[in-house]
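Q: when you get a sec, could you give me coordinates for this:
(one chain, ligands or ions: 1)
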Amino acid sequence: MTNDKADQALLAVSDLHVSYGPVEAVAGVSLQVPRGKIVSVIGPNGAGKSTLLNALMGLLPAKGSVVLEGRDVMAMPVESRLREGLCLVSEKRELFAEMSVADNLALGAYSRRHEPKGAVEADLEAAYQRFPRLKERRHQTAGTLSGGERQMLAIARALMARPRVLMLDEPSLGLAPLIVAEVLATVSELCRSGVSILIVEQNARAVLKIADYGYVLEQGRVAMEGDAASLLADTRLIETYLGFGKGHEAA
Ligand SMILES: Nc1ncnc2c1ncn2[C@@H]1O[C@H](COP(=O)(O)OP(=O)(O)OP(=O)(O)O)[C@@H](O)[C@H]1O
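A: Model (predicted):
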């Protein structure tokens, strides 16, 4: 995207570098998430996609600049970034398996513990309206949910933090194609309701169908970027990246 767009972006990342010892996993990535859009990051195994999201959340040390609505969050620890409006649903989903759905959701609002209780309770009710299956299963432990339900719970829990930019790391991982479609439809709907999305996916074809813009990451660098529709129409890209994945079909 152009510098003009970077100025208007809700999230603007410039020249981000992340290393594991001598290995530079993210090597100068710049990207933008405009308000109200879905931006996807695709690329092969080991390209640095998860590392990028973890660094944006403050879970890994990084160099470069990360600006959220004009505020540089680079020096902030994870909890402050959460309060500023960045939230990550990691690849591992990281639910508390022994705790109920309701308790997992309540923990999602931990960063808002100083707010009036009513605001959080209203959001819990909104989460149950958005995900009726979670309401039905609210007393069930998270560990007993199906894969799709666990992904929905992970997303619902992230929403309890009221993110402005929701980052999703491979939400389709391990899910059957029909459930992948359901999860991605939920992501689209979230975006329409005002949450901007940065989504990492191996299932490139499926994610580009719901995204506005895409970045292709290769060996820690942006190899290609463009409107999702033009990336989907790119034969070279399709041959190189689309249809591969960790054991899931392109939906
Ligand atoms: N904790 C770590 N220590 C050392 N190297 C790591 C660590 N985590 C990741 N790497 C390396 O960093 C590179 C980027 O990994 P990363 O997991 O970010 O890629 P990815 O694009 O998310 O891959 P995948 O699609 O397979 O999840 C890889 O070469 C990986 O081996």
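
Q: point me to the residue of the stretch 51-200 of the chain nearest the ligand.
A: Thr51 (3.2 Å; CB to the nearest ligand atom). C-beta here means a position set from N, CA and C on the backbone, and glycine is covered the same way.

Q: around the ligand, pick out the residues from the stretch 51-200 of the chain.
A: Within the stretch 51-200 of the chain, the positions lying close to the ligand (CB under 6 Å from any ligand atom) are Thr51.

Q: low-confidence bits of the stretch 51-200 of the chain, can you list those?
A: Within the stretch 51-200 of the chain, no stretch has pLDDT under 70.

Q: how is Leu198 classified with respect to secondary structure?
A: strand (DSSP: H, G, I helix; E, B strand; the rest coil).

Q: so which bits of stretch 76-96 are buried?
A: Under the neighbour-count criterion of 16 or more other CB atoms under 10 Å, stretch 76-96 has 76, 81-82, 84-91, 93, 95 buried.

Q: all strands for this structure, in order.
A: For the chain, the strands defined by DSSP state E cover 11-20, 23-33, 38-42, 63-68, 71-72, 86-89, 165-169, 196-200, 213-218, 221-227.

Q: one step back: what's the neighbour count on the residue of the stretch 51-200 of the chain closest to the ligand?
A: 24 (other CB atoms under 10 Å).

Q: that one and Ala25 touch, don't they?
A: Yes. Using CB atoms under 8 Å, Thr51 is in contact with Ala25, at 4.3 Å.

Q: overlap in contacts of those two?
A: By CB atoms under 8 Å, 6 or more residues apart in numbering, Thr51 and Ala25 have these common neighbours: Val18, Gly220.
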